[in-house]
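S.K.: Any chance you can model this:
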Amino acid sequence: MFNATTIEEARRLKESIYDEYQDVANEAMVVLDEGFEDSITIMALPSKYRIALRTRQHNRA
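M.R.: Presented below is the predicted three-dimensional model:
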């Protein structure tokens, strides 16, 4: 779902995942549901920046 090209597509994929796994991984699906909108805010950026920002490792002091 985080490789979706639009926010709408990401939401559809999230719903599909939620529906498929809610019975076997209910707690994980609650976490997914509660944090999803925050996690896709990067979709507002141009696509050329999304992968780099999503996967960038930061050096921690």
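
S.K.: How about residues contacting stretch 41-56?
M.R.: Taking contacts as CB atoms under 8 Å, 6 or more residues apart in numbering, the residues outside stretch 41-56 that touch it are Phe2, Ala4, Thr5, Thr6, Ile7, Ala10. From N, CA and C alone the C-beta is placed, and that goes for glycine too.

S.K.: ok, so what distance separates the third one from Ala25?
M.R.: I take that to be Thr5. Thr5 is 26 Å from Ala25, where distance means CB to CB, to the nearest Å.

S.K.: of these two, who's got more company?
M.R.: Remark: of Thr5 and Ala25, Ala25 carries more neighbours, 14 against 10, as counted by other CB atoms under 10 Å.

S.K.: Check what pLDDT Leu32 gets.
M.R.: For Leu32, the model assigns a pLDDT of 93.

S.K.: helices or strands up against the helix or strand harbouring it?
M.R.: Secondary structure from DSSP states H and E places Leu32 in helix 26-39. Judged by 3 or more CB pairs under 8 Å, 6 or more residues apart in numbering; DSSP states H and E, the packing partners of helix 26-39 are helix 7-21.

S.K.: chain center to the helix it packs on: distance?
M.R.: 9 Å (CA atoms, centre = their mean, to the nearest Å).

S.K.: And stretch 33-52, by the same measure?
M.R.: 7 Å.

S.K.: start to end distance for that stretch?
M.R.: 24 Å (CA to CA, to the nearest Å).

S.K.: Quick check: buried residues in that stretch?
M.R.: Phe36, Ile40, Met43, Arg50 (16 or more other CB atoms under 10 Å).
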